[in-house]
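# sequence? don't have it. structure:
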């Protein structure tokens, strides 16, 4: 799994996680870990297709969190930059370190 980064080097998914309160961050991180471990086999209620190869990870906390991702070739999962760029990416393993 890769996290998308902008051309300027920002990682919107990481920024979103970092801005969350600790309990909410933990919930979303567990959801991302589930997605990373189960990949395309992870189903409802955790994930839902929102069109073609675009999916959303659904995490319940104090609010409903939605993390969009793309199912790419070779079973890869990409958490893209919301502005559309994925050319610079980092592995999900280092997302919060």
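Right, received. Where do you want to start? None of these values were measured; they are calculated from a predicted model.

# tell me which helix or strand of this protein sits lowest on mean pLDDT?
Counting by mean pLDDT, DSSP states H and E, the chain has its least confident helix or strand at strand 88-91, which shows a mean of 36.

# in the lengthiest helix in the chain, which residues are buried?
Assignment by DSSP state H gives helix 22-38 as the longest helix of the chain. Neighbour-count burial for helix 22-38 flags 24, 25, 27, 28, 29, 31, 32, 35, 36 (criterion: 16 or more other C-beta atoms under 10 Å). In short, each C-beta sits where N, CA and C put it, glycine included.

# any idea of the mean pLDDT for it?
This predicted structure assigns helix 22-38 an average pLDDT of 91.

# then stretch 47-65?
Mean per-residue pLDDT for stretch 47-65: 87.

# what about the longest helix of the chain, distance to the chain center?
Put simply, helix 22-38 sits 9 Å off its chain's centre (C-alpha atoms, centre = their mean, to the nearest Å).

# give the other helices and strands that it contacts.
Helix 22-38 makes packing contacts with helix 12-19, strand 54-60, strand 64-71, strand 77-79 when contacts are defined by 3 or more C-beta pairs under 8 Å, 6 or more residues apart in numbering; DSSP states H and E.
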